[in-house]
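Enquirer: Just to be clear, the model below is a prediction. Sequence and coordinates:
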Amino acid sequence: MVLSCEATIHFDYPIVFTEHAFAADNSSLAKVIARAEPDRVHRVLVIMERAVAEAHPRLAVDIYAWAAANPRHIALAREVLIDEGGEVAKSSMVRPLKIAAELDAARMDRQSVVMIVGGGAFLDMVGFAAAITHRGVRVVRVPSTVLSQADSAVGVKNGINAFGKKNFLGTFAAPFAVVNDAALLGTLPPRDRVAGMAEAVKVALVRDGAFFEWITKKTRALAANDRSAVGELIERSAELHARHIATSGDPFELGSARPLDFGHWAAHKLESLSEYDVRHGEGVAIGIALDTYYSVEAGKLPRPALETVIHTLSALGLPLWHDRMEDPALLDGIREFQEHLGGDLTVTLLADLGRGYEAHALETSVVKSGIEWLKTRAR
């Protein structure tokens, strides 16, 4: 006998754009937490990245005041937890298990809320801990970087690095809500702020030519940290990423294609080869440049388009080169990318500025030629 089980899983979550989310008179956070069950008090455990706590020394105090101002909906499960972030937080199971132990000590259940305040790597690690606790505790993400607000916090993935591979261990788990607080970006170092813009360039190149054209026109304002320009870049990027998740038909990546990972096979490998001296966004920028070069050499993209992409990345202040690109192991990133997805190799390349296409082979000689070309351009 053969039984068949067919089920449709529906999930939805709000993505809120606000400023000073923890101000006592800002109701955004309380509303998204209470939206499903407005008549009960929700237990919330706030876990904050140490770098955010140091950059915003009054933030924990503001969180206590915010909870006190919303007693009908919010009860803090314990004091704010502060832990290390960055890629080091994702380097082993130690940190996620430590967080899981804290969730157990705080008696968090599947109706409780873990609120994560931090950058993309911190969101990944704590989100993984929450996803494996009780097979999934509700998570509200409050991303604190341009990259996480524009891309990673909006998605349905979390995880940690293992065995020398990026995000080898992890789960798919949709957040309960995402709250982008523009005030958290004010203390970002310029390098991190600019690095985060690479993901917006990426999604524009494969999904929205008009958005990419807007970025090319706004490079000076974006590089100078014009708040209006950066805010619009984040919102438009987050919208494109969310639209892909909602409409692609493959939100949990069961297939072998990941169009929004344009430039990522090289980025992920370069990050690990550099021992994470290369920021994720910086690696993505280099990967974009390399795969755009390949698109031209494959006869799919006009050469002037390559120059436009290179100029845009450079004008934003993003790198085009790192010395570890000369490591032969960089090419292992192609195989590892395929293994991560399963099935045939599928990478996204460019047919036009704003339109990607799926390729199922990368010629090593062309990739090496692109590396040499970027080395020359970066000098």
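Expert: Perfect, I can see it now. Numbers count the residues shown, from 1 in each chain.
Enquirer: List the buried residues of stretch 293-303.
Expert: By neighbour count, with 16 or more other C-beta atoms under 10 Å as the criterion, the buried positions of stretch 293-303 are 293-298, 300-301. Glycine gets a C-beta too; all of them are placed from N, C-alpha and C.
Enquirer: List the contacts of it.
Expert: Counting by C-beta atoms under 8 Å, 6 or more residues apart in numbering, stretch 293-303 makes contact with 292, 305-306, 349-352, 357, 359, 362, 366-367, 369-370, 373-374, all of which sit outside it.
Enquirer: quick check, nearest of the residues you listed to K165?
Expert: Top of the list for closeness to K165, among the contacts of stretch 293-303 and by C-beta to C-beta, is L362 at 18.3 Å.
Enquirer: what's the nearest residue to the closest one if we skip its chain neighbours?
Expert: With sequence-adjacent residues excluded and distances taken as C-beta to C-beta, 6 or more residues apart in numbering, L362 is closest to I334, at 5.6 Å.
Enquirer: next one: A359
Expert: Counting by C-beta to C-beta, 6+ apart, the nearest residue to A359 once its immediate chain neighbours are dropped is L349, at 4.9 Å.
Enquirer: and that neighbour, that one's in a helix?
Expert: No. The assignment for L349 by DSSP: H, G, I helix; E, B strand; the rest coil gives strand, which leaves it out of any helix.
Enquirer: In contact with it, which residues are there?
Expert: Contacts here follow C-beta under 8 Å, 6+ apart; on that basis L349 touches 262, 291, 294-295, 298, 300-301, 356-359.
Enquirer: quick one: the strands in the stretch 251-379 of the chain?
Expert: Applying DSSP state E, counting those that start in this stretch to the stretch 251-379 of the chain gives strands spanning 347-352, 355-359.
Enquirer: can you put the ones you listed in TSV and add mean pLDDT?
Expert: Conversion of the strands of the stretch 251-379 of the chain to TSV gives the following (pLDDT from 0 to 100):
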stretch	mean pLDDT
strand 347-352	95
strand 355-359	93
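Enquirer: for the lowest-mean-pLDDT helix or strand in the chain, the distance to its chain's centre please.
Expert: Considering only helices and strands, the least confidently modelled element of the chain by mean pLDDT, DSSP states H and E is helix 332-341, at a mean of 86. The gap between the average C-alpha position of helix 332-341 and the chain average comes to 19 Å, counting by C-alpha atoms, centre = their mean, to the nearest Å.
Enquirer: Then stretch 50-59?
Expert: Remark: stretch 50-59 is offset 21 Å from the chain centroid, using C-alpha atoms, centre = their mean.
Enquirer: List the buried residues for that stretch?
Expert: Using 16+ other C-beta under 10 Å as the test for burial, stretch 50-59 gives 51-53, 56, 59.
Enquirer: Repeat that for stretch 3-21.
Expert: Judged by neighbour count using 16+ other C-beta under 10 Å, the buried positions of stretch 3-21 are 13, 15-17, 19, 21.
Enquirer: Report the residue spans of this structure with pLDDT below the cut-off.
Expert: Flagging of the chain using pLDDT under 70 yields the residue ranges 249-250, 252-257.
Enquirer: For it, which residue occupies the most central location?
Expert: S152 (2.0 Å; C-alpha atoms, centre = their mean).
Enquirer: Would you check that it makes contact with D124?
Expert: Yes. Contact status for S152 versus D124: in contact at 7.2 Å, counting by C-beta atoms under 8 Å.
Enquirer: Give me the neighbour count for A305.
Expert: Summarising burial for A305: neighbours were counted as other C-beta atoms under 10 Å, giving 18.
Enquirer: what sits against it?
Expert: A305 sits in contact with 292, 296, 350, 352-353, where contact means C-beta under 8 Å, 6+ apart.
Enquirer: in the lengthiest helix in the chain, what's buried?
Expert: The helix spanning the most residues in the chain, taking DSSP state H as the definition, is helix 227-247. When neighbours are counted by 16+ other C-beta under 10 Å, the buried residues of helix 227-247 are found to be 229-241, 244-245.
Enquirer: do stretch 187-205 as well
Expert: Along stretch 187-205, these residues count as buried under the neighbour rule (16+ other C-beta under 10 Å): 188, 192-205.
Enquirer: hmm, back to that, can you tell me the closest non-neighbouring residue to the residue nearest to the centre of the chain?
Expert: Ranked by C-beta to C-beta, 6+ apart and with sequence neighbours excluded, the top spatial neighbour of S152 is G120, at 4.1 Å.
Enquirer: So what's the residue count around the one you found?
Expert: For G120, the neighbour count with other C-beta under 10 Å is 28.
Enquirer: Let me know whether L316 touches E199 as I believe.
Expert: No. Between L316 and E199 there is no contact, the gap being 11.9 Å when judged by C-beta under 8 Å.
Enquirer: now stretch 179-193, how far from the centre of its chain.
Expert: Here the centre of stretch 179-193 is set off from its chain's centre by 14 Å, with C-alpha atoms, centre = their mean.
Enquirer: now the helices for the stretch 151-300 of the chain?
Expert: With DSSP state H, counting those that start in this stretch, the ranges of helices along the stretch 151-300 of the chain come out as 190-195, 198-207, 209-217, 219-223, 227-247, 264-273, 280-297.
Enquirer: Could you list the buried residues of stretch 69-84?
Expert: Of the residues in stretch 69-84, those scored as buried under the neighbour-count criterion (16+ other C-beta under 10 Å) are 70, 73-74, 76-77, 80-83.
Enquirer: coming back round to it: what residues are up against the residue nearest to S152?
Expert: 143, 145, 147-148, 151-153, 280.
Enquirer: which of those residues are buried?
Expert: The neighbour-count test (16+ other C-beta under 10 Å) marks 143, 145, 147-148, 151-153, 280 as buried among the contacts of G120.
Enquirer: what's A174 in contact with, if anything?
Expert: A174 makes contact with 11, 13, 156, according to C-beta under 8 Å, 6+ apart.
Enquirer: Okay, the second one and K300: tell me how far apart.
Expert: Spelled out, it's Y13. For Y13, the distance to K300 under the criterion C-beta to C-beta, to the nearest Å works out to 36 Å.
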